[in-house]
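1. fold the stuff below for me.
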Amino acid sequence: MEKKNWIPLLLVIMFFWALMHPLSKMIVGDVPTFLLTSLRFGLGTVTVFAYLILTKKKIKVDKEDIIPLGIIGIIGNGIPTALYFIGLKMTTATNASILLNMSPLLIAILSPLLIGEKLKKMQTFGVVLGFLGMMVVVANGLDFTNILSSEYFYGNLIIVSGTIGIALYTIYGKKYVQKYGGFVASSYGILAAAILMLLASIATGEIGAITTLNSMDWFVIVYLGVLIAGFIYGIWYSSLKVLGPTKASSFKLLIPVYATIVAIILLGEMPNLMTIVGGGLVIVGLYFTHDIDLFDL
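-> Below is the predicted model of the structure:
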């Protein structure tokens, strides 16, 4: 696909990606975490491998890459998603969308430490600004004496811990995306995540709850599995090869905006002033961190 065609596609994709936050909020209280995560990635695995087979794309990867792809898939998909669902029970969909999409900011923080990438001055400014925004969202306007008693605080913190895994996945998975393409690289990761979470749901006895799921639960699970894990993950990673990580990452700034609007409509969540301020700082921080030129897309 030509570069110019990726822009309208990503504008639409970010909206559907953002929908996962309010939709997930609607069912996380009813569906056990490991079961929900395993079903999501199980459906995603079937979808992406079916797509690869039907389009006659190469599925096999080098033997030495199978285990690394599985490990980074668990670190960047399985564990962060389980933590996201746990944290979402204790915070708002708006907060979750802001904190989960901080991964580009965390990538900028971790890359110099892990792979020796250097930051420009404006990128450093963006990191500081975005980190302050994260602290504002996590604290939710509470002072230190009250913050530990806030349910939102723990939910926010759990989601942030999962976002670190997503950042690590992006850093270490980049070379596999370049080598195999977005869909193939992501397929092995979500397969490993599905297996791990299935084993966890069996070990904890959560698997039995599958018989109690209602039509709304299944609608959201299919949405998260088939559309998000199955297609959008692959499309997103494919866009990195065409637009580059900087320009492609700029579109993720839209996710918290979309998610907030939908959360107001579907859930009646009205973000407070601290969430708006913190979210704004995170978005501006991401803008500077990735040195984005919006007029050069």
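2. going by C-alpha atoms from here, please, whenever you check contacts or count neighbours.
-> OK.
3. I'd guessed T92 sits against G268; true?
-> No - between T92 and G268 there is no contact under C-alpha atoms under 8 Å: 10.6 Å.
4. of these two, which one has the most company?
-> Using other C-alpha atoms under 10 Å as the criterion, T92 and G268 rank with T92 on top: 22 against 10.
5. return the distance of the more buried one relative to V220.
-> 17 Å (C-alpha to C-alpha, to the nearest Å).
6. repeat that for I71.
-> Between I71 and V220 the distance is 27 Å, computed by C-alpha to C-alpha.
7. how about the strands in the chain?
-> Using DSSP state E, the chain contains no strands.
8. where in it is pLDDT low?
-> 1-4, 115-119, 123, 138-151, 240-241, 243-250, 286, 289-297 (pLDDT under 70).
9. tell me which residue is most central in it.
-> What sits nearest the mean C-alpha location of the chain, by C-alpha atoms, centre = their mean, is L100, with 5.5 Å.
10. that one contacts V160, correct?
-> Yes - between L100 and V160 there is a contact under C-alpha under 8 Å: 6.6 Å.
11. L132 is in contact with V277, isn't it?
-> No - checked against C-alpha under 8 Å, the pair L132 and V277 is beyond contact range at 10.2 Å.
12. can you give me the helices in the stretch 51-200 of the chain?
-> All helices of the stretch 51-200 of the chain, identified by DSSP state H, counting those that start in this stretch, fall at 63-73, 79-88, 93-100, 103-114, 121-139, 144-147, 151-180, 182-204.
13. which other helices and strands contact the second one?
-> Translated: helix 79-88. With contacts defined as 3 or more C-alpha pairs under 8 Å, 6 or more residues apart in numbering; DSSP states H and E, helix 79-88 has these neighbours: helix 33-54, helix 93-100, helix 151-180.
14. hmm, who's touching that helix?
-> Contacts to helix 79-88, defined as C-alpha atoms under 8 Å, 6 or more residues apart in numbering, come from residues 24-25, 28, 33-34, 37, 96, 100, 154-159, 161-163, 165-166, 193.
15. and that helix with helix 33-54, angle?
-> 140 degrees (axes from the mean of the first three to the mean of the last three C-alpha atoms, to 10 degrees).
16. quick one, helix 79-88 and helix 151-180 angle?
-> Using the same axes, to 10 degrees, helix 79-88 lies at 160 degrees relative to helix 151-180.
17. between helix 79-88 and helix 93-100, how many degrees?
-> Using the same axes, to 10 degrees, helix 79-88 lies at 150 degrees relative to helix 93-100.
18. nearest spatial neighbour of M90, skipping sequence neighbours?
-> G155 (4.6 Å; C-alpha to C-alpha, 6 or more residues apart in numbering).
19. if I look at that neighbour, how far off is M270?
-> 18 Å.
20. out of those two, which sits in the busier spot?
-> G155 (23 against 14).
21. contacting residues for the more buried one?
-> Here G155 is in contact with 86-91 (C-alpha under 8 Å, 6+ apart).
22. do the same with A263
-> So A263 contacts 21-22, 93-94, 269-270 (C-alpha under 8 Å, 6+ apart).
23. quick one: buried ones out of the residues you listed?
-> By neighbour count, with 16 or more other C-alpha atoms under 10 Å, the contacts of A263 hold 21-22, 93-94, 269 as buried.
24. good, we can wrap up now.
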